[in-house]
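[1] Any chance you could fold what I've pasted below:
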Amino acid sequence: MSEKNRDGKRTARERLAVEREKQKSAEKRRRTLIVGASVVCVLGLAAVIGVVAANAGKDKDSKASGPAVAPSGAQGKDGLAIPVGKDNAKPTLTIWEDFRCPACQAFETAYRSTLHELTDSGQLRIEYHLVRLIDDNLRGTGSLRAGNAAACAQDAGKFRDYHDVLYENQPKETDDAFGNNSKLIELAGKVKGLDTATFRTCVNDGKHDAWVDKSNAAFKSGGFSGTPTVLLGGKNIYQDQTLTPAKLKQMVLAANKG
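    Numbers count the residues shown, from 1 in each chain. This is a model prediction of the structure:
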């Protein structure tokens with residue numbers, strides 16, 4: 001073999017090694033983002049005691065009153081689940097989430113395209129449960145208000161699109177921007193046909209506030225430790241540090257074959 005060919009093969013191997021290291025680094029960063037964010041959205045968050053004290057009293061009227069009005073098409077126990085996907089899909093993914101939670105946003109960013117692919121193809125059904133964990137930890141009403149607005153979007157048949165818009169425009173965890181109904185209505189303008197008089201009334205009246213609170217109570221009584229909580233077949237798969245979108249897809253495909 002000529003020296004030139006040896007150099008060429010060596011250079012190719014070096015390029016391949018560099019590319020593999022880049023991929024490993026990217027995957028490590030992705031996992032660090034999700035794992036790092038997930039430790040924030042937990043019950044009894046000790047690190048925010050100072051923030052809670054500083055904001056004490058700012059949300060005295062944040063607890064909803066009156067009957068819990070479930071959004072159109074809500075399913076599951078007490079009608080607390082918003083379904084996405086075909087009802088006859090064999091596996092069901094249950095997601096407990098908070099629109100103010102950065103770990104929930106990290107999960108959505110990493111897994112959204114895979115979840116869309118699986119639900120659109122009829123291979124997966126998702127049940128979304130909306131909670132207000134960050135409101136309880138940091139005070140404010142952004143989790144509640146965003147949850148209500150998302151339920152209003154469900155009434156209009158546009159939950160998934162609005163759900164994605166909320167995460168794409170999520171403020172910092174300590175910024176209660178979602179506590180402003182006008183902000184939520186402004187974001188509805190990003191979803192074709194959602195910003196209607198009916199939607200605005202639903203948001204401003206807090207039509208589904210008590211329903212969000214009921215869902216939040218169910219989350220706490222369920223013994224879950226934080227958001228997002230992601231269950232497949234009742235098993236908390238988000239706790240698996242090796243979970244990736246590709247692995248989730250394999251799990252769903254296997255469930256369909258089983």
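[2] Residue 231 looks like it's in a strand, true?
    Yes. According to DSSP: H, G, I helix; E, B strand; the rest coil, residue 231 belongs to a strand.
[3] what separates the residue nearest to it when sequence neighbours are not counted from residue 219, distance-wise?
    In this structure, residue 231 finds its nearest non-sequential neighbour in residue 94, 4.2 Å apart by C-beta to C-beta, 6 or more residues apart in numbering. The way it works is simple: take the backbone N, C-alpha and C, and place the C-beta from them, glycine included. Going from residue 94 to residue 219 by C-beta to C-beta, to the nearest Å gives 11 Å.
[4] Helix, strand, or coil at the residue nearest to residue 231?
    On the three-state scheme (three-state DSSP), residue 94 is labelled strand.
[5] about what we covered before: and residue 94 and residue 219? Which one has more around it.
    Per other C-beta atoms under 10 Å, whichever of residue 94 and residue 219 has more neighbours is residue 219, with 23 against 18.
[6] Could you give the number of residues near residue 183?
    Neighbour number of residue 183 under other C-beta under 10 Å is 17.
[7] on that earlier part again, which residues do residue 94 and residue 219 both contact?
    Here residue 94 and residue 219 have 129, 229 as joint contacts, going by C-beta atoms under 8 Å, 6 or more residues apart in numbering.
[8] which ones are touching the residue nearest to residue 231?
    Counted by C-beta under 8 Å, 6+ apart, residue 94 has contacts 81, 126-127, 129, 229-232, 234.
[9] and it, bridged to which residues?
    residue 127, residue 231 (DSSP bridges).
[10] where in the stretch 51-200 of the chain is pLDDT low?
    51-65 (pLDDT under 70).
[11] same thing but 90
    51-66 (pLDDT under 90).
[12] any chance you could map the strands in it?
    Using DSSP state E, counting those that start in this stretch, the strands assigned to the stretch 51-200 of the chain run over residues 82-84, 92-97, 125-130.
[13] nearest to residue 142, of these?
    strand 125-130 (12.2 Å; C-beta to C-beta).
[14] gap between the closest one and the chain center?
    9 Å (C-alpha atoms, centre = their mean, to the nearest Å).
[15] contacting residues around it?
    Here strand 125-130 has contacts from 75-76, 80-87, 89, 91-99, 115, 119, 147, 150-151, 159, 163, 212, 215-216, 218-219, using C-beta under 8 Å, 6+ apart.
[16] What of stretch 200-215?
    Taking C-beta under 8 Å, 6+ apart as the rule, stretch 200-215 contacts 63-71, 74, 78-80, 129-132, 143-145, 147-149, 151-152, 155, 181, 184-185, 188.
[17] one more time with 6 Å
    64, 66, 68-71, 80, 129-131, 144, 147-149, 151-152, 181, 184-185 (C-beta atoms under 6 Å, 6 or more residues apart in numbering).
[18] can you redo the strands of the stretch 51-200 of the chain as JSON lines with distance to residue 202?
    JSON lines is the format used below for the strands of the stretch 51-200 of the chain (distance: least, C-beta to C-beta, whole Å):
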{"stretch": "strand 82-84", "distance to residue 202": "14"}
{"stretch": "strand 92-97", "distance to residue 202": "20"}
{"stretch": "strand 125-130", "distance to residue 202": "15"}
